[in-house]
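S.K.: Below are the sequence and a predicted model; questions follow.
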Amino acid sequence: MYLEIDYYVLLQKFLVVFVCFALLWKIIRYLLNLLNMEKDPVIVLVTGAAGQIGYALAPMIARGVMLGPDQPVILHMLDIEPSKEALEGVKMELIDAAFPLLKGVVATTDVVEACTGADIAVMVGGFRRKEGMERKNVMSKNVSIYKAQASALEEHAAANCKVLVVANPANTNALVLKEFAPSIPEKNITCLTRLDHNRALGQISEKLGVQVNDVKNVIIWGNHSSTQYPDVSHATVTTNSGEMSVSKLISNDQWLKTQFITTVQQRGAAIIKVRKLSSALSAASAACDHIRDWVLGTPQGTWTSMGVCSDGSYGIPAGLIYSFPVTCAKGEWSIVPGLKIDEFSRTKMDATANELMEEKSLAYSCLEE
Ligand SMILES: NC(=O)c1ccc[n+]([C@@H]2O[C@H](COP(=O)([O-])OP(=O)(O)OC[C@H]3O[C@@H](n4cnc5c(N)ncnc54)[C@H](O)[C@@H]3O)[C@@H](O)[C@H]2O)c1
C-alpha cells in the first residue's frame with residue numbers, strides 16, 4: 001500500500017518541537033544564570049573597628065564567615081578620632097587581603113556616614129572601665145555613646161537593620177539603644193551572649209572528650225556578666241547510641257552546679273590573666289555565629305543563646321534585654337517555649353534578672369543627670 005506523506009504537516013510538527021526545545025533551553029539557561037548571579041552586597045557596620053575585636057572581626061566578615069560564602073559585603077567601620085589612624089591601617093590591610101566578597105570599605109569617624117544604609121550593625125565600640133573608675137562613671141559614658149548611636153542608626157540605617165551589641169555592659173547598652181531608637185523594631189536589637197554559650201559548649205566537650213559540634217542546647221540565661229547562668233539541664237550529646245543528656249553523661253551534679261558554672265562565668269577574666277588582653281578572637285567568632293544563625297537560621301533541633309528583649313517568658317520582666325534560648329528562622333528569633341525550670345535554675349535566673357534591673361536603674365539615673 002502506498003503511504004502518502006504530508007511534508008507540510010511534518011515540517012510544521014518539526015518546527016513546533018524545535019521551538020519548544022529552544023524555549024526550554026532558554027528557560028534552563030535563565031535559571032542557571034539566576035543561580036550563579038551575584039547577590040547584592042549587604043552593608044555591615046562595625047563600631048570600635050580599630051580595637052582588638054574589630055581587628056579580628058573585620059576579616060571574618062569579609063571572608064563570608066558571618067553571612068555565608070556567597071554573600072558580598074560592604075564594610076562600614078567606625079571609630080573615634082584618637083583611633084583614626086589605626087582604623088585607616090585596618091582598611092589598608094583589608095584592601096591588601098584582596099577578599100573577593102568585599103565590595104567596599106568605609107573607614108570613618110563620622111557616625112552618620114558609618115550608619116548610612118547599614119543592614120547589620122555590630123556595636124563593638126564603647127568605653128572600657130579604667131583602673132579606679134566607679135561603675136557609675138563607666139555606665140554614664142556608655143549610656144551617652146549608645147543614646148547617640150541609637151539616634152544615628154534610627155535615622156540613617158536600613159529600615160530592617162539587625163543590631164548586635166557586643167560592647168559591655170552589653171545587655172544594658174542594648175537596652176539604651178532600644179529605648180532611644182523607638183522606630184527600630186525591638187526584635188531587631190540584640191546583645192552578644194553567644195561567646196558564653198560557645199564557652200559552655202567547649203567546657204562540656206572538654207569534660208566528656210567529645211567533639212564540640214556533638215554537644216548542643218546549652219543555655220545562657222540573663223546578663224553577659226558574672227551573674228549569667230550557664231544551664232545544661234536540657235543539653236544533649238550526639239553519641240553512637242543516639243542523643244544523650246549531658247547531665248546523665250557527666251553524672252556529676254556537683255561539678256555541673258559549681259565548677260562548670262563558675263568556669264563559664266569567669267572565663268573572660270581567666271583569658272585576661274593569661275593573655276594580658278581580653279578575649280578578641282573568640283568574641284569576634286561568636287559575633288559571626290550570632291548574626292549567621294539569626295540571618296540564616298539555627299540548625300533543626302538546635303537552639304542558641306541570644307540577649308533579646310524579654311516578652312515576659314519564663315517570668316523575666318518584659319522589656320529587659322536578657323539572654324534566652326532561641327531558635328531562628330527566616331531572619332527572626334523566637335524564644336524556645338515550655339522548658340522545665342527547676343528550683344536551682346529559677347534562683348539563678350532571677351539573680352541575673354535582678355542584676356539587669358539594677359543596671360537598668362543605674363543607666364536611667366545616668367540619663368537623668
Ligand atoms: N559581649 C561579649 O561577649 C564581649 C566579649 C568580649 C568583649 N566585649 C566587649 O567588647 C568591647 C570591645 O572590646 P575590645 O577588646 O575590642 O576593646 P578595644 O578597647 O580594643 O576596642 C574598642 C574600640 O572602640 C572604640 N570606641 C570607643 N568609643 C567609641 C565610640 N563612641 N564609637 C566608636 N568606637 C568607639 C575605641 O577607640 C576602640 O578602638 C568592650 O566593651 C568589651 O568589654 C564583649
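M.R.: Sure, I can see it. Numbers count the residues shown, from 1 in each chain.
S.K.: Residue numbers of the stretch 251-369 of the chain in contact with the ligand?
M.R.: The stretch 251-369 of the chain has residues S278, S279, A280, A283 near the ligand, with proximity defined as Cβ under 6 Å from any ligand atom. The way it works is simple: take the backbone N, C-alpha and C, and place the C-beta from them, glycine included.
S.K.: How is the protein divided into domains?
M.R.: The chain is divided into the following domains under automatic domain parsing: 42-191, 194-364.
S.K.: measure the first one end to end?
M.R.: The first residue of domain 42-191 is 20 Å away from its last residue (Cα to Cα, to the nearest Å).
S.K.: Can you give the distance of it from its chain's centre?
M.R.: Distance, stretch centre to chain centre, for domain 42-191: 12 Å (Cα atoms, centre = their mean, to the nearest Å).
S.K.: got it, and the last one?
M.R.: Going by Cα atoms, centre = their mean, the spacing between the C-alpha centre of domain 194-364 and its chain's C-alpha centre is 13 Å.
S.K.: which residue sits closest to the residue in the chain that the ligand sits nearest to, ignoring its sequence neighbours?
M.R.: Residue nearest to the ligand within the chain: G51 (1.9 Å; Cβ to the nearest ligand atom). Leaving aside its sequence neighbours, G51 sits nearest to V124 (Cβ to Cβ, 6 or more residues apart in numbering; 6.4 Å).
S.K.: what's around N240, how many residues?
M.R.: Around N240 there are 5 other residues, counting by other Cβ atoms under 10 Å.
S.K.: Quick one: buried ones out of the residues of the stretch 251-369 of the chain next to the ligand?
M.R.: Burial by neighbour count, judged by 16 or more other Cβ atoms under 10 Å, picks out S279, A280, A283 from these.
S.K.: tell me which of the residues you listed is nearest to F99?
M.R.: A280 (19.5 Å; Cβ to Cβ).
S.K.: who's in contact with the residue nearest to the closest one when sequence neighbours are not counted?
M.R.: Leaving out its chain neighbours, the residue that sits closest to A280 by Cβ to Cβ, 6+ apart is Q52, at 3.9 Å. Neighbour list for Q52: L277, S278, A280 [criterion: Cβ atoms under 8 Å, 6 or more residues apart in numbering].
S.K.: On the secondary structure side, give me the element for the residue nearest in space to the middle of the chain.
M.R.: Geometric centre of the chain, nearest residue: H290, 2.3 Å, by Cα atoms, centre = their mean. Using DSSP states H and E, H290 maps to helix 281-296.
S.K.: And for that helix, what's in contact with it?
M.R.: Looking at what lies outside helix 281-296 - Cβ under 8 Å, 6+ apart - the contacts are 53, 56-57, 60-61, 65-68, 120, 122, 124, 162, 164, 166, 190, 192, 194-195, 197-199, 271, 304, 306, 328, 331, 333.
S.K.: which stretches of the stretch 1-150 of the chain have low pLDDT?
M.R.: 1-4, 32-36 (pLDDT under 70).
S.K.: which stretches of it form helices?
M.R.: 7-36, 52-62, 84-96, 111-115, 135-156 (DSSP state H, counting those that start in this stretch).
S.K.: May I see the ones you listed arranged in CSV, with distance to D231 as well?
M.R.: As requested, those are arranged in CSV below (distance: least, Cβ to Cβ, whole Å):
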stretch, distance to D231
helix 7-36, 42
helix 52-62, 26
helix 84-96, 37
helix 111-115, 36
helix 135-156, 27
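S.K.: wait, which of the ones you listed is closest to T236?
M.R.: Closest among the helices of the stretch 1-150 of the chain, using Cβ to Cβ: helix 52-62, at 28.4 Å.
S.K.: Closest to F324 out of the buried ones among the residues of the stretch 251-369 of the chain next to the ligand?
M.R.: Of all these, F324 sits closest to A283, with 20.0 Å by Cβ to Cβ.
S.K.: coming back round to it: mind listing what's buried in the helix holding H290?
M.R.: Buried residues in helix 281-296 (16+ other Cβ under 10 Å): 282-296.
S.K.: between that helix and helix 52-62, how big is the angle?
M.R.: Per axes from the mean of the first three to the mean of the last three Cα atoms, to 10 degrees, the angle that helix 281-296 makes with helix 52-62 is 40 degrees.
S.K.: Let's see helix 281-296 as CSV, backbone CA atoms only.
M.R.: C-alpha atoms of helix 281-296 as CSV (Å, rounded to 0.1, in the frame of the first residue of the first chain):
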residue,chain,number,x,y,z
LEU,A,281,39.3,36.1,68.5
SER,A,282,36.5,34.1,70.3
ALA,A,283,34.4,37.2,70.7
ALA,A,284,34.6,38.0,67.0
SER,A,285,33.9,34.4,66.1
ALA,A,286,30.8,34.4,68.4
ALA,A,287,29.6,37.7,66.9
CYS,A,288,29.7,36.0,63.4
ASP,A,289,27.9,32.9,64.8
HIS,A,290,25.2,35.1,66.4
ILE,A,291,24.5,37.0,63.1
ARG,A,292,24.8,34.0,60.9
ASP,A,293,22.2,32.0,62.9
TRP,A,294,19.9,35.0,63.1
VAL,A,295,20.0,35.6,59.4
LEU,A,296,20.4,32.1,58.0
